[in-house]
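Trainee: no sequence for this one, just the structure:
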């Protein structure tokens, strides 16, 4: 029994490290952490809620690593963070009231949708330009703000793949520089995850005995990943995002539908 406990602790810590690394670089780190919570025997809603809290430090460390990039867009970022904050509250409240069966059936569709949006984001951006729907990041329009809010809802409700969704949404809003896009993604993900974690913590859905171990691992992974992300070429960063997203989708479709 003692050996099993050591193995469990090691698995949870390693999952946290990998989630922190992946979220800092490209998003989708929940591929490593969420399945481990499920493997521990937790119901899907509780596993997801616990994961929301556990990966919180990874996004904050990653955002801190890009702090210099934020100074040029301070005013826009403050508004975006507030909107993401509101969306995160809405999504977390929805998670509190959904049952486990309904939640598990939604997981693969949410992931696949987010991945497809990122994969074809450039084509969608070109279409939006032609329709005058694409926003200027320095002066976002109402359409852009609506996108931000619903991404916040998605992140507060699910969490897995929110980095991919944010990068796709930011690309649609005109942030085509992937390094700046990644920096903003980490900051907004931090806001969404923070408010979601607070709501879920007070709801009683968190399994704290597992969450704390992953939390520490995510701190380590997020700090290292923030430095690695700025050294990866944009093309490879994009490939990592797409690969992680499609892999997540495949894993959860197979688990819950086949």
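Mentor: Nice, thanks for sending it over. Keep in mind the model is a prediction, meaning the values are calculated, not measured.
Trainee: can you list the buried residues in the helix or strand encompassing residue 18?
Mentor: Here residue 18 sits within helix 2-25, counting by DSSP states H and E. Residues 8, 11-25 are the ones in helix 2-25 that count as buried (16 or more other Cβ atoms under 10 Å). No exception for glycine: its C-beta is placed from N, CA and C like everyone else's.
Trainee: distance from that helix to the middle of the chain?
Mentor: 18 Å (Cα atoms, centre = their mean, to the nearest Å).
Trainee: pLDDT averaged over whichever helix or strand comes after that helix, what's the number?
Mentor: Moving toward the C-terminus from helix 2-25, the next helix or strand (DSSP H and E) is helix 30-39. When pLDDT is averaged over helix 30-39, the result is 82.
Trainee: kindly provide the distance from the spatially closest residue to residue 12 that is not a sequence neighbour to residue 112.
Mentor: Leaving aside its sequence neighbours, residue 12 sits nearest to residue 213 (Cβ to Cβ, 6 or more residues apart in numbering; 4.1 Å). From residue 213 across to residue 112, the span is 30 Å (Cβ to Cβ, to the nearest Å).
Trainee: confidence-wise, which helix or strand of the chain is lowest on average?
Mentor: Per-element confidence for the chain was summarised using mean pLDDT, DSSP states H and E. The lowest value among helices and strands belongs to helix 121-130, with a mean of 60.
Trainee: helix, strand, or coil at the closest residue to residue 158 other than its chain neighbours?
Mentor: Using Cβ to Cβ, 6+ apart and skipping the chain neighbours, the partner closest in space to residue 158 is residue 110 (5.3 Å). Applying DSSP: H, G, I helix; E, B strand; the rest coil to residue 110 yields a three-state assignment of helix.
Trainee: low-confidence ranges in the protein?
Mentor: 1-4, 23-24, 26-28, 57-74, 121-140, 160-161, 226, 229-230, 232-235, 237-238 (pLDDT under 70).
Trainee: tell me which stretches of it form strands.
Mentor: Secondary structure of the chain by DSSP state E: no strands are present.
Trainee: now do the contacts for the closest residue to residue 112 other than its chain neighbours.
Mentor: In space, residue 112 comes closest to residue 249 once its chain neighbours are excluded; the distance is 4.1 Å by Cβ to Cβ, 6+ apart. Residue 249 makes contact with 108, 111-112, 115 under the criterion Cβ atoms under 8 Å, 6 or more residues apart in numbering.
Trainee: make JSON lines out of these and add neighbour count.
Mentor: Formatted as JSON lines, the contacts of residue 249 follow (neighbours: other Cβ atoms under 10 Å):
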{"residue": "108", "neighbour count": "19"}
{"residue": "111", "neighbour count": "28"}
{"residue": "112", "neighbour count": "18"}
{"residue": "115", "neighbour count": "25"}
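Trainee: name the nearest of those residues relative to residue 227.
Mentor: When these are ranked by distance to residue 227 (Cβ to Cβ), residue 115 comes first, at 25.7 Å.
Trainee: pick out the residue nearest the middle of this structure.
Mentor: Note on the chain: the residue nearest the mean C-alpha position is residue 162, at 3.0 Å, using Cα atoms, centre = their mean.
Trainee: run through the residues that contact it.
Mentor: By Cβ under 8 Å, 6+ apart, the contact set of residue 162 is 27, 114, 151, 154-155, 189, 192-193.
Trainee: do you know how far it is from residue 209?
Mentor: Spatial separation of residue 162 from residue 209 under the definition Cβ to Cβ is 25 Å.
Trainee: ditto for residue 246
Mentor: 33 Å.
Trainee: these two: which has the busier surroundings?
Mentor: Neighbours per residue, other Cβ atoms under 10 Å: of residue 246 and residue 209, the larger number sits with residue 246, 16 against 11.
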